[in-house]
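Chemist: here is a sequence with its predicted model. Questions after.
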Amino acid sequence: MTSNRFSPDSTPIRLNTSGVYGLPGGPSRDDQIALTPRLEQVRRAMAIRIDSNSDEDKSAIAKIDHQSAALVDLPNRLLSAYRERRRDSPLGRMLTVAKRLRESADRLIVITSRPGRLAIDALLQGCCHPYHNELGRGDRGGRPRLYFHEHPLDNDSTQGLLDLVAHGGAKATVDERFALIVLSPASEIEPGIFFPPLLELFGFDLEQAARLVVYIVKPNEARANSLNGKPIETVERCDSIDDHSAIFSLATLLPAAVVGIDVVRFLMGGVAMNERFLAAPIGDNPVLDLAAAGLATRSRHQQPMRVFAGWQKSLEGIARWHDDIPTDISIAPGDVPCQDIARRSVICPLNTKSLLNWQQSGNRYVQFIMHVSSESARRDRIVLNDETGQTLVELSEQAKQTVELACREIQHPTVDITLPVVDEGSLGQLLQLILLATMVESVCDREGRPGQLPIAEMRDDVR
């Protein structure tokens, strides 16, 4: 793996898979042990793919495609280049652009695809104030509000966007001005169709308009880079990762940095999880342990539904991103697709009753539930009872314990993922854990089983 000297400073997140094994009809620890050789082979193959100078036999890496290797190594490569070249590195140049946009405008508009929005929103909800856009500029620390536009052919939503920035033109103050980031390709429609009405708002001041518009492009991608002859800032992503998996890409990091998220610390969290994946033994390796739990459950139950149960509202964006992850995240040309996985998410403090009712309704599908919570709140704890000292955090923990007990009683396999706190470092670890575990599962499970039910039917049953 690419070396870097940024020492991850976040406390490691914890994974407990004891709720998966020993349930009637479910997997046992013997199933986990039986999977160990396959899991070790995938890890070894990934390390070989990353280390292009390795002299080991390359036959083991046939099912590890370039995108899978890039998923592992991208945080390390970005940080390593930043350590060596600082402002001249891809990350350093991106941070310079982010600072300029942050100081020049109070609204940031991101034109992107749905997967691109989900990735950015996962960081926004996890790291920013829960009502970031509603705060005044001073309360936001001078950081812009953030808006997304992913429907370029919808006249009304596009016109609504123009209404929002109607007073953000050439003579506007910083509090009224807007900036635009175009994640390419955001759609099949050339984003330049927006420029005539936007230029009109800028009073046709092309120089200022060009300074406030940024394209993010994939390597070697041809894309217009000027407004009527004025050059537009272009940020190259340094990767060709699919938008569903591009959580550590510059396409996600630039908007996040503009609104003040510490993207360096976020990358360091990803590096920390990479190091555990490549070095820690099974049993103390969150990626391999989570993949083993998923594979073992799928070997005993037909089509177990994967459920992300987040116990903080700040995890809601990550929950939606989780639901959108493709099962074949690492499929290579010519591979047989692996068994598909249906995914859903619940933010438990608001949906405990509906989750339990669905579990107890006699539905024929087993749920593989990932309970994700944090040990500490980011903000001051709310005291509900001055006499007893009970806090809202304690009440939420009691609700979580009730749900977990119900899951065990009705024999749904569960894992617990515990973050020290919901912040950039912990989220970097969590998101890389989910990506890598999904990748390992898809590599290990290239042959689907007969009798597989359509994913749409499963989701209809859940509703």
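Modeler: Sure thing, it's come through.
Chemist: and what about the residue sitting furthest away from the middle of the chain, helix, strand or coil?
Modeler: Ranked by distance from the centre of the chain (CA atoms, centre = their mean), the top residue is E387, with 41.1 Å. Under DSSP: H, G, I helix; E, B strand; the rest coil, E387 falls in the coil class.
Chemist: what's the answer for H371, then?
Modeler: Once three-state DSSP is applied, H371 turns out strand.
Chemist: and the strands in the stretch 151-300 of the chain?
Modeler: 178-183, 213-217, 226-227, 230-231, 233-236 (DSSP state E, counting those that start in this stretch).
Chemist: show the model's pLDDT score for E40.
Modeler: E40 carries a pLDDT value of 91.
Chemist: other SSEs contacting the host helix or strand of it?
Modeler: Element membership of E40, judged by DSSP states H and E, is helix 29-50. Under the contact definition 3 or more CB pairs under 8 Å, 6 or more residues apart in numbering; DSSP states H and E, helix 29-50 sits against helix 66-85, helix 263-279, helix 286-300, helix 424-444. Bear in mind the C-beta positions are built from the backbone N, C-alpha and C, glycine included.
Chemist: what's the following helix or strand after the shortest one?
Modeler: Stepping forward along the backbone from helix 286-300, the first helix or strand reached (DSSP H and E) is strand 305-310.
Chemist: chain center to the helix or strand following that following strand: distance?
Modeler: Secondary structure here is assigned by DSSP H and E; on that basis, the next helix or strand after strand 305-310 toward the C-terminus is helix 316-323. Between the mean C-alpha point of helix 316-323 and the mean C-alpha point of its chain there is a distance of 7 Å (CA atoms, centre = their mean, to the nearest Å).
Chemist: same check on stretch 434-441?
Modeler: Distance of stretch 434-441 from its chain centroid, counting by CA atoms, centre = their mean, is 13 Å.
Chemist: before we move on, what about stretch 425-442?
Modeler: Going by CA atoms, centre = their mean, the spacing between the C-alpha centre of stretch 425-442 and its chain's C-alpha centre is 9 Å.
Chemist: go on, stretch 305-325?
Modeler: For stretch 305-325, the separation from the chain centroid amounts to 10 Å (computed by CA atoms, centre = their mean).
Chemist: please apply the same query to stretch 377-397.
Modeler: 29 Å.
Chemist: so how far does that stretch reach from one end to the other?
Modeler: 12 Å (CA to CA, to the nearest Å).
Chemist: check stretch 256-268 too.
Modeler: With CA to CA, one end of stretch 256-268 sits 15 Å from the other.
Chemist: highest mean neighbour count out of the helices and strands packed on helix 29-50?
Modeler: helix 424-444 (a mean of 25; mean count of other CB atoms under 10 Å).
Chemist: contact partners for I247?
Modeler: When contacts are counted by CB atoms under 8 Å, 6 or more residues apart in numbering, I247 touches 119, 122-123, 321, 431-432, 435.
Chemist: same thing but at 10 Å, please
Modeler: Neighbour list for I247: 71, 74-75, 115, 118-120, 122-123, 241, 253, 266, 270, 318, 321, 325, 427-428, 431-432, 434-435 [criterion: CB atoms under 10 Å, 6 or more residues apart in numbering].
Chemist: one more: L253?
Modeler: Under the criterion of CB under 10 Å, 6+ apart, the neighbours of L253 are 78, 90-91, 94-95, 98, 119-120, 123, 216, 235, 237, 246-247, 261, 263-264, 266-267.
Chemist: kindly recompute the last result at 8 Å.
Modeler: For L253, the contacting residues are 91, 94, 263, 266-267, taking CB under 8 Å, 6+ apart as the criterion.
Chemist: nearest to L183, of those residues?
Modeler: Closest approach to L183 among those (CB to CB): M94, at 13.0 Å.
Chemist: buried ones in the helix or strand harbouring that closest one?
Modeler: Assigned by DSSP H and E, M94 falls within helix 90-104. Within helix 90-104, the residues that qualify as buried are 90-95, 97-98, 100-102, counting by 16 or more other CB atoms under 10 Å.
Chemist: now, among these, which is nearest to M370?
Modeler: Distance ranking of the buried residues of helix 90-104 against M370, using CB to CB, places L91 first at 30.2 Å.
Chemist: hang on, the earlier thing: any idea which of the strands of the stretch 151-300 of the chain is most buried?
Modeler: Among the strands of the stretch 151-300 of the chain, the stretch with the highest mean neighbour count (mean count of other CB under 10 Å) is strand 178-183, at a mean of 26.
Chemist: before we move on, back to that, dump the contacts of L253 into CSV; add pLDDT as well.
Modeler: Output for the contacts of L253, formatted as CSV (pLDDT from 0 to 100):
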residue, pLDDT
L91, 94
M94, 93
V263, 96
F266, 96
L267, 96
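Chemist: quick check: the farthest pair among these?
Modeler: In terms of CB to CB, the contacts of L253 reach their longest pairwise distance at M94 and F266, which sit 12.9 Å apart.
Chemist: what about the stretch 101-250 of the chain, any weak spots by pLDDT?
Modeler: Low-confidence segments of the stretch 101-250 of the chain, defined by pLDDT under 70, span residues 152, 167-171, 184-206, 209, 220-232, 238-245.
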